Structures are given as structure tokens and as C-alpha cells.
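J.: Take this sequence and fold it.
(chains A and B)
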Amino acid sequence: MKDQFTSLISFYVNKEVFAFDTLKVRNILEFGKITWVPNVKDYLLGVINLHGNIIPIADLRVMMQMENIENTNDTAVIVVSNDDKAGSLIGIVVDSVNEVFDTEGLEVQESVFNGNTGVISSFLGSIHRNEEFVHIIDLDETVKEIEN
Amino acid sequence: MIDKFKDKFVEESLDNINDLEEALFLLEKDMKNSEIIERIFRAMHSLKGGGAMFGFNHLSEFTHHLETVFDLVRNNKLNVDNDIISLTFEAIDQIKHLLQIGDLTEAGDIAHQQAFIKRIEAASNLDGTSPKDTQDSTSETQVTKDDGSKNFLIHIKPNSDILRNGTNPFYLLDDLHAMGTAKVLAFTKDVPDLVQFQPISNYCNWQVILNTTESVNEIKDVFIFVEDECEIDIQQLNVGNISQSTALDKAIELANTEQKPLTKEQIEAFDGNKEGEEKKDTKRRVQLKEHKISSIRVNSNKIDDLVNLVSELVTIQAQLNLYAEKDGNNDIVSLAENIQKLSRQLRDNAFEISLIPLQSELMRFQRLVRDLSKELDKEIDFVIEGGDIELDKNIIEHLTDPLLHIIRNSVDHGIEMPDERIKDGKSPKGTIIFKAFYSGASVIVQVIDDGKGIDPEFIKSKAISKGLIAENVELSRKEIFDLVFLSGFSTKDQVSDVSGRGVGMDVVKKKIGEIRGEVSLDSEVGKGTTLTLELPLTLSIIDGLLVKVTNNQYVIPIANIEKIHAISDVKFGSSFNHVVTIDEAQYPYIDLRETFGAEAIQKGTEQLILVKFETKKVGLLVDQVIGEYQTVVKPLGRFLKKQENISGASIMGDGTISLVIDTNRLIHNNAMKKYRTKK
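T.: Numbers count the residues shown, from 1 in each chain, chains lettered A, B, ... in the order given. Predicted coordinates:
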């Protein structure tokens, strides 16, 4: 296990449940106006102004190669930071945010995927909860992918 | 706690060393100048004293020997020559080294230092000075250093209105007491009758006989806040520790009752040993009075924070203005205007604070030229013009490495060997001019050498052989020289054979580009080479023109803009080669909607902005010009760093974001695309 997490924030992308380590989440925003930036990767939607800081926005749905993307009232931006340095904040667009829960006493299993998650390829494991599997995304790897 | 002071000492010593190097350069040109020698001596002296105080014992010892040499020079017992100057330069490097690592621990290092000291001692023995002389002056200084305790006679005469400023003279006395053993005489004979007595006036003065291990500067620091309200007279007494002397106590008692100040001579009489140098003391007094706090030292992070906060303030203030206008309430409008005025002043102030003169870095360049030319047996004059030009500290930080690189190139490859120069009919001594000056909103820095220059044809054929350009491309002279900055243009060994340039020039270009600067090169075979850097004054605020391209707003730096044309003035040439005709001249243009890959290009109102690009003008086609804005540029961050055409983003008054276009990079990228596709 690479990361020690005690609580997770779960969300939906394409009707599947995924999660981030709560400690790395800085903010959850409504999906609003994004200033588009030209000549960048297709999943980078642009930048937003968060309290005077310029924050890039990546669409997890595009990263996972989801089709028929629709923005609804539930569509949310989860602002994460994998380290505390300035400029490491990035907003990640998901279909909807689900809940925050403690992982204590829950069994983390190895994630099983058949390779249909696009550029998101690294997971910290999966938890079976409320008759669903919650897949924990490896943020460090995700950020690296966006950066390169 | 002591570490904190230690850091401060290192910081201050680096300043001292800087000063020392500067003075040494001056001395090299004028070896007899006693003022400069005095300056060098003083710098060494503070290094020595501070070193001993903060536990840099090796540093102190080392500097002491160096100081001895200059003490001899100062007293006209030794003449300055090139050897002494070279030795001192070397010694300065050793001092820097000692400052960084503290006391030496490795035996090899210590031996090395000892050998060095021997060399310095040898230098002070040269030139007909008898060894005995040197010995004397050495031991003399040694005594004052080892026997830490010194005696001072301090006379404090506060002005009558000192109390008005809330100064309590007793605190000064307390401070002196804290430094060692102090005996205080109070003179109260000027205190008037109760009738005339003004409670807010001071009528007293004091004399203090202080036995302390602190330096005279420490004593002066006690009075640093009151030096304008006090007459302070500090005299060092040439006596041993007399604080225990009963004779002195008696004299003090007598002086107290008689209300007559003690003199230096009176006290020194209690101790037989008298070799006072009255002259020196008066000099010290003069110095003390001249001393004023004209600058303070602030951690640079704090300044960065300040500038950031002010930038935030400017942004918020723009929002406030917008709100006030919408609201229409006159009170709020006038408040917003006032805040705008203030924040503008604050902004100008904050940016001025973060400016530092180029001078601070020049010493390194001078040193580089000197050392390198000695090493290569070349004779080079390094001339500096405009060293007082001020630039944003962050820009200067980014500038040093590229400039070192450029200057190294000039010395190494630009300037020829003396015999070669004579053959070409030039003076054997080469010249490198470092020139800085303001030009509009930018600062131009040039490095000009009168060396052998570069042949443009060579560059071109080389670029073709490297596959950087197609063979049939017609390039202007300027474009040819620009090829030097392409990555992959050159490797050192191949180019330096013929022209000697292009070593890592792409890195220089990249570094300068990071601070929104531009580099260009011009050269004439046999005459020399000029490298020009064009730099912005500050990184974080620009005057920009706000334009609209499809759904986005972009900012184009006004400094780059030549002219704005409505579309009706403009006749488009064939849209294949992207050329436009304005006022009977043709310009290439870039359709921003196309370049930025906007999805739906709707032809409607269009405006063309002519921007300067090097010596040419290039048009940028936009949907609409909105207006002029002063904006705070923020970086796009590491996730979008691959984006070359956009140099940053700017938050507008209403909270929306505009992207700042780097026109130079945009046009350059476009041009490069063209060359490559032609091939």
C-alpha cells in the first residue's frame, strides 16, 4: 500500500464509484465557467479563478474515455493537491460527488480492471461498500500523467 | 539564537567581500589610491572582527594575515603590485569558502590554508620591508584581538528635547552596563531651579567608563536610535582593565562632586601604558556622526509576499470598482476611487522595493573576465556602462547564469589572442563592454566584444547540415543569427573551431524567455559580436490590450503593439501565404482563432493588431479589441507549462480570467513551423 489513508471521498464517473484520499482534497466546487486554454491536451478544459489563484481543470470523464459526457447540476469539480506546494492545485471534474467515509475496519482489495479507464491506470485498491466497489484513484500517478 | 546571528554575519560578510572585491578592482587601476586601500583595510577588519565573534576562527586568523599586508600598504611600507592583487583575489575566494563551511576540519584543508598564509606572509615580507616590522605589527594586532577587554570613555550629551521622543537616556546606560563593567558619572549642574524646570526637557549628561569585550561598533549600536538627539563621544582608552582600580573610583567621586568631566588623559594616567593615537579617535567620532540608517535588510521572501499581496489587492480593487459602478451609490464610488488611488501608489511602491541595481551582480562578471583572461593569456578590458540600472530582483536572479555564459563565450571564443589581434591590426588588448540602459518599458542589456565575430554564411550552412532549416529558405541576416539560439544547433567542439559561439545558446534563450525577455545576436566578421537582451522591468504587472478571440479574452502586452487596424483598412492578400496589405506595405499575419484552434470560427467583425517582432511587424487577427488594461500576470502553473504561446493568466475585475499572449513566442513558433514545412 503506497498511501496511508483513513478517510475517502467518493464520487461517480460513468456510473462507477471512485474515490480520492480526503486529505488531498482542498475544495469541492460546482462545475461553472471555465476559461478555455488553447493548444493543450483534450482532457484539460482550461483554468478557473479560485480565490485569486489560477487553477487548471482536468476532466476525469475525458481522461477515462467516457462517451456522451453531459454536464448536469450534479457535475462537480474536486480541487486536489498532491503536495502542498503552490501551483500544485488542480481541479478534477467528476459526474457527481457521493460521500466522505472512514476506511477504518474496511478491507482494501486489489483493484480489478480490464483496461477501460483511459489514462487513469493506477489504483490504490478497491473497497466493497454499500453493494458497490469503490476504486481508489492513485492521485500521484494521475497528477504525473497530467503534468507530462 | 546564535545561529540566527551567525546567518546574519555571513550575509553581511558577503556584502563586505563584495565591497572588498569592488575596491580591489579599483585598486588594480589605481594602485596608489590611499582611500581605496583604507576601504580594503576596513572591509578586512570587519571580517576579522566578526569572524572571531561568531566562531569563524580560521576565517578570522586568515583575514588577519591578509590585513597585515594591507596594514603595511596603508602605512606606505609596502607597494601594491599585481602579485598582491592576484593574491588578494585568491584570498577572497578562500574567505568565501571559509564563510560557507565555517572552521576547517579536514587536515588537508588546514594544511592548504597554512600554506596560503605562508604565501601571504611572504608577500608582506617582500619589497624591502624588514621581517621585524611585519612581526611587530602582527603581534600588535594580535594583542588587541586576544586581550578581548577594552576600555572606553563615553560621553553622552543628549539634547534638551530628547525626552520628547520618548527616549529614556537611562536605558542607554542600562545597555552599556549590560556590555561589561561600566562606571557612570552623572553631570547635573545644568538642572535649573524648580521654578524654571521644564519636566519635558533634559538637563543632564553622562560619562561612562566602560570595560568591555565588545567592539566599538557594538557601542555605537547602542546609540543608533538617538544619534540625532545626542552628542556621543566614544574614545578608546589605552589602558589595561581599570574597572577595579580604586584610584579611578576616587577620581570619579571627585569628578561627580566637582561636576567636571574626566578626560581621556586623566584616566589613562591611572595606567602607565600610554600610546594613544588621538587622530584615530577623532576620526572615529566623525564616522559615528555620519552614520545614518539609510537602508534596512529584509528577507527577500517577505518582499515576494508583499508584492504578491499587493497584486491581490490590485485585483480585488478592480472588482470593487466594478461593483461601485454598478451600484451607483456615490459614497461607495468615491471610496472605491480613493482605494484605487492608494492601491496604485502602494503597488508602485512595492514594485520599487523589489528592484535592485544590476551592480550587485556585476562583480561576478568582472571577476570572471579577469580570471578567465589571465588563464587564457588574453588581455581584456571589461567596461561597464549603466550598472546602476535597476531591475526586479527575480529578473536579476534569472539573469546571472545566462549572462555568465554569454560573457564566458565572449572571453573564451570572441576575443582573440594578443598576437592574432596585432596581426589583424587591432590593439592587443580586447574590450568587452557590458552595457545596460532603459528603452521604453524594457531594459536592454548588451554584451559587446571586439573579437573576431561570426560569419552568417557559416551559421546558415551549419543549420542546413543539421536539418534545422531547408536549403532553399531565404533568411534575413537577423534570422540567420537567430538560428544560433535553436536547440540542437551546435555542439561545442565543432562551432568553436570556426566561430566559437552557439554553445548552449538555446539554454540562454530559454532562460531569458522564462522572464519574458528576448535575446538577439549580431556580429560582423573581424569586428566583433554584440549580444542583446531585452528584459521587462518587472515580471508581475503589465500594461496590456484586452482582445476577444472567439469566446475567450486575451491580453497582448502593450509594449509589443505597434498599431491597431480596423478590418476595413486592411486588404487581405491571398489567404494562402497569410500576408496582409496595410498602407501599401505588406505584413505577414497570424489568425489567432486558427492558431488557438478555436472550434467555430465565425467571420464577423475583425481587427488586426500589428505587433513588433524583432525588426519586423506581424499582424494578429482577433475578433474584437476591448480596451487597455493594467493586469497582474499569474503563471499558468506546472500543469499547463507546455503551453508556449500563453505566458500567463490574469484575473479581471469581474473575476473572469484572461490569458496573456507571449507574442514573441507565438510568432516565433509560427515562423518555425513555416520553415519546417517548407522543407
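
J.: Can you pull the residues of chain A lying near chain B?
T.: In this structure, chain A approaches chain B at residues A:33, A:35-40, A:44, A:47-49, A:52-56, A:58, A:87-90, A:146-147, judged by Cβ under 8 Å from any Cβ of the partner chain. To be clear about C-beta, it is placed using only N, CA and C from the backbone, and glycine gets the same treatment.

J.: Buried ones among the residues you listed?
T.: In terms of neighbour count (16 or more other Cβ atoms under 10 Å in any protein chain shown), the buried residues within the residues of chain A next to chain B are A:35-38, A:40, A:44, A:47-49, A:53-56, A:58, A:87-90, A:146.

J.: In helices only, show me the residues you listed.
T.: residue A:146 (DSSP state H).

J.: From the buried ones among the residues of chain A next to chain B, which land in strands?
T.: Judged by DSSP state E, strands contain the following of those: A:44, A:47, A:48, A:49, A:53, A:54, A:55, A:56, A:58, A:89, A:90.

J.: the residue most distant from the middle of chain A, which is it?
T.: Residue farthest from the centre of chain A, counting by Cα atoms, centre = their mean, is residue A:105 at 23.7 Å.

J.: Look up how far residue A:133 lies from that residue.
T.: Residue A:105 sits 17 Å away from residue A:133, going by Cβ to Cβ, to the nearest Å.

J.: contacting residues for the residue in the stretch 251-400 of chain B that chain A sits nearest to?
T.: Checking the stretch 251-400 of chain B residue by residue against chain A with Cβ to the nearest Cβ singles out residue B:312 as nearest, at 5.4 Å. Under the criterion of Cβ atoms under 8 Å, 6 or more residues apart in numbering or on different chains, the neighbours of residue B:312 are residue A:52.

J.: okay, it: pLDDT?
T.: On the pLDDT scale, residue B:312 is placed at 76.

J.: Am I right that it is in a strand?
T.: No: secondary structure of residue B:312 (DSSP: H, G, I helix; E, B strand; the rest coil): helix, not part of a strand.

J.: Quick check: bridge partners of the nearest residue to residue A:137 once chain neighbours are set aside?
T.: Setting aside the residues directly before and after it, residue A:137 is nearest to residue A:18 in space (Cβ to Cβ, 6 or more residues apart in numbering or on different chains), at 5.4 Å. For residue A:18, the beta-bridge partners are residue A:11, residue A:135 (DSSP bridges).

J.: My read is that residue A:18 contacts residue A:11, right?
T.: Yes: applying Cβ atoms under 8 Å, one finds residue A:18 in contact with residue A:11, separated by 6.0 Å.

J.: So what's the residue count around the residue of chain B at minimum distance from chain A?
T.: Closest residue of chain B to chain A, Cβ to the nearest Cβ: residue B:596 (3.3 Å). Applying other Cβ atoms under 10 Å in any protein chain shown, we find 21 residues neighbouring residue B:596.

J.: residue ranges for the strands of the stretch 1-150 of chain B, please.
T.: In the stretch 1-150 of chain B, strands defined by DSSP state E, counting those that start in this stretch lie at B:150-158, listed in chain order.

J.: err, chain A, not the other one
T.: Ranges of strands in chain A, per DSSP E, are A:7-13, A:16-21, A:25-30, A:44-50, A:53-59, A:76-81, A:89-94, A:96-102, A:108-109, A:123-129, A:132-137.

J.: Mind putting the ones you listed into a markdown table with mean pLDDT?
T.: Shown next, in a markdown table, are those (pLDDT from 0 to 100):
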| stretch | mean pLDDT |
| --- | --- |
| strand A:7-13 | 91 |
| strand A:16-21 | 90 |
| strand A:25-30 | 90 |
| strand A:44-50 | 89 |
| strand A:53-59 | 89 |
| strand A:76-81 | 92 |
| strand A:89-94 | 92 |
| strand A:96-102 | 91 |
| strand A:108-109 | 84 |
| strand A:123-129 | 86 |
| strand A:132-137 | 88 |
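
J.: now these in a markdown table, with distance to residue B:426?
T.: As requested, those are exported to a markdown table (distance: least, Cβ to Cβ, whole Å):
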| stretch | distance to residue B:426 |
| --- | --- |
| strand A:7-13 | 72 |
| strand A:16-21 | 68 |
| strand A:25-30 | 64 |
| strand A:44-50 | 55 |
| strand A:53-59 | 53 |
| strand A:76-81 | 60 |
| strand A:89-94 | 58 |
| strand A:96-102 | 74 |
| strand A:108-109 | 77 |
| strand A:123-129 | 69 |
| strand A:132-137 | 68 |
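
J.: and for residue A:18 and residue A:11, which residues touch both?
T.: When contacts are counted by Cβ under 8 Å, 6+ apart, the set common to residue A:18 and residue A:11 consists of residue A:94.

J.: Around chain A, which positions in the stretch 201-350 of chain B sit nearby?
T.: Within reach of chain A by Cβ under 8 Å from any Cβ, the stretch 201-350 of chain B has these residues: B:312, B:315, B:316.

J.: Considering those, which is situated nearest to residue B:439?
T.: Distance from residue B:439 was checked for each of those by Cβ to Cβ. The minimum falls on residue B:315, at 28.9 Å.

J.: does that closest one really touch residue A:52, like I thought?
T.: Yes: applying Cβ under 8 Å as the test, residue B:315 and residue A:52 come out as touching, 6.0 Å apart.

J.: Need the residues touching each of those two.
T.: Any residue near both residue B:315 and residue A:52 by Cβ under 8 Å, 6+ apart counts here, and that gives residue B:651.

J.: how close does residue B:352 get to residue B:625?
T.: Look at residue B:352 and residue B:625: by Cβ to Cβ, they are 31 Å apart.

J.: How about residue A:72?
T.: Relative to residue B:625, residue A:72 is positioned 37 Å away (Cβ to Cβ).

J.: ok, the two, which is more surrounded?
T.: Residue environment comparison for residue A:72 versus residue B:625 gives the larger neighbour count to residue B:625, 17 against 9, counting by other Cβ under 10 Å.

J.: What are the neighbouring residues in contact with that one?
T.: When the contact criterion is Cβ under 8 Å, 6+ apart, the partners of residue B:625 are B:545, B:546, B:547, B:548, B:564, B:607, B:609.

J.: what helix or strand is it on?
T.: Secondary-structure element containing residue B:625, defined by DSSP states H and E: strand B:624-632.

J.: immediately after that strand, which helix or strand?
T.: With DSSP H and E, the next secondary element past strand B:624-632 is strand B:646-651.

J.: so what strands line up beside the following helix or strand past that following strand?
T.: The element immediately downstream of strand B:646-651 (helix or strand, assigned by DSSP H and E) is strand B:657-661. Paired strands of strand B:657-661, with direction, are strand B:552-557 (parallel), strand B:646-651 (antiparallel) (DSSP bridges).
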